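> missing the sequence, but the structure's below:
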């Protein structure tokens, strides 16, 4: 019997190579793809921030109730650094990854999966308290 | 002579244990610490998003010109998952890490350092085009 160790978070660290250069240089396309991926995974979006570099490159971060998705793109090299950090047992992060890989038309990719917060405690770890409507708060600054 | 391989990004994946539980449950403290860490590193903040869970837990993400800083805290376990993702040769990410470890009063920690976008191209890799004042754009949605 394999002993299972609990972790608070699950982090996919993804390198996407030979992506579609125009797609990953379009802020709206990248943002829509990230938000769709969040929805596909079953996570709940809190806030999306997309930053567009001139003349090329996009940074997109979506804060979710279950941590975050982020992507940084280098269209000039066809490369994206994607992170999918989720908590809890119910988030389908591999479907989100598959969707993004397809959207970005990555010809090659690598994935490192890390367990975050692997705490050996004698209790069932809770990823986050269930949100009560209207109680959680978000602040943004620039 | 050691051959140096270029990478686009540098990613510190940090586990912080036995942190100060009140500090890491205070949205303003966590946000201020993240923003100070960004400044200490020499990176340039684009946007900060902090989400406060009820009754405990903070998610903080700062999008920077050079990628992002993020932290997810579990005050009930004294644990934080910190990511410091930067680009370019000029960002002092270890000083940022040291500062955050001290602010959060972490008694134990571990660091995994990953090179992101290790592309073997016959050119000097540029982390991002230099921003021209007023040309870069940021969009936020919730």
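Structure's in. What do you need? Model, not experiment: these values are computed from the prediction.

> mind checking how far the residue positioned nearest the centre of chain A is from residue B:121?
Note on chain A: the residue nearest the mean C-alpha position is residue A:69, at 2.2 Å, using Cα atoms, centre = their mean. Residue A:69 sits 27 Å away from residue B:121, taking Cβ to Cβ, to the nearest Å as the criterion. No exception for glycine: its C-beta is placed from N, CA and C like everyone else's.

> run a quick neighbour tally on the closest residue to residue A:108 other than its chain neighbours.
Spatial nearest neighbour of residue A:108, chain neighbours left out: residue A:17 (4.1 Å); criterion: Cβ to Cβ, 6 or more residues apart in numbering or on different chains. Neighbour count of residue A:17, defined by other Cβ atoms under 10 Å in any protein chain shown: 16.

> where in chain A is pLDDT low?
Counting by pLDDT under 70, chain A contains low-confidence ranges at A:125-135.

> 50 - rerun?
Along chain A, the parts satisfying pLDDT under 50 run over A:134.

> dump the residue contacts of the residue nearest to residue A:22 when sequence neighbours are not counted.
Among residues not flanking residue A:22 along the chain, residue A:75 sits closest, at 7.5 Å (Cβ to Cβ, 6+ apart). Contacts for residue A:75 (Cβ atoms under 8 Å, 6 or more residues apart in numbering or on different chains) come out as A:19, A:21, A:22, A:24, A:25, A:56, A:57, A:58.

> count the neighbours of the second one for me.
The number of residues packed near residue A:21 is 18, by other Cβ under 10 Å.

> now do the SS call for it.
Using DSSP: H, G, I helix; E, B strand; the rest coil, the structure places residue A:21 in coil.

> ok, it touching residue A:79?
No. Because the distance of 9.7 Å does not satisfy Cβ atoms under 8 Å, residue A:21 is recorded as not touching residue A:79.

> could you tell me the end-to-end distance of stretch A:51-60?
End-to-end distance of stretch A:51-60: 6 Å, with Cα to Cα, to the nearest Å as the criterion.

> right, and out of the contacts of residue A:75, which lies closest to chain B?
residue A:57 (5.3 Å; Cβ to the nearest Cβ).

> from residue A:120, how far out is the closest one?
From residue A:57 to residue A:120 the distance is 41 Å (Cβ to Cβ).

> equivalent analysis for residue A:54, please.
48 Å.

> so the two - more neighbours on which side?
residue A:54 (14 against 7).

> how about that one, secondary structure?
coil.

> is the residue nearest to the centre of chain A in contact with residue A:37, as I believe?
Yes. Assessed by Cβ under 8 Å, residue A:69 is found in contact with residue A:37 at 6.4 Å.

> so what sits against both of these two?
With Cβ under 8 Å, 6+ apart as the test, residue A:69 and residue A:37 both reach A:84, A:96.

> what's the distance between residue A:118 and residue A:65?
From residue A:118 to residue A:65 the distance is 21 Å (Cβ to Cβ).

> neighbour count winner among these two?
residue A:65 (21 against 14).

> sorry, back to before: identify the residues contacting the residue nearest to residue A:108.
A:78, A:79, A:106, A:107, A:108, A:109.

> burial measure for the last one, as a count.
What it means is residue A:109. Residue A:109 has 17 nearby residues by other Cβ under 10 Å.

> ok, it - contacts?
Per Cβ under 8 Å, 6+ apart, neighbours of residue A:109: A:14, A:15, A:16, A:17, A:101.

> inside strands: which ones of those residues?
Among those, the residues falling in strands (DSSP state E) are A:14, A:15, A:16, A:17.

> in a markdown table, list these along with distance to residue A:85.
Formatted as a markdown table, the ones in strands among the contacts of residue A:109 follow (distance: Cβ to Cβ, whole Å):
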| residue | distance to residue A:85 |
| --- | --- |
| A:14 | 11 |
| A:15 | 16 |
| A:16 | 16 |
| A:17 | 21 |
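
> thanks again, I'm all set now.
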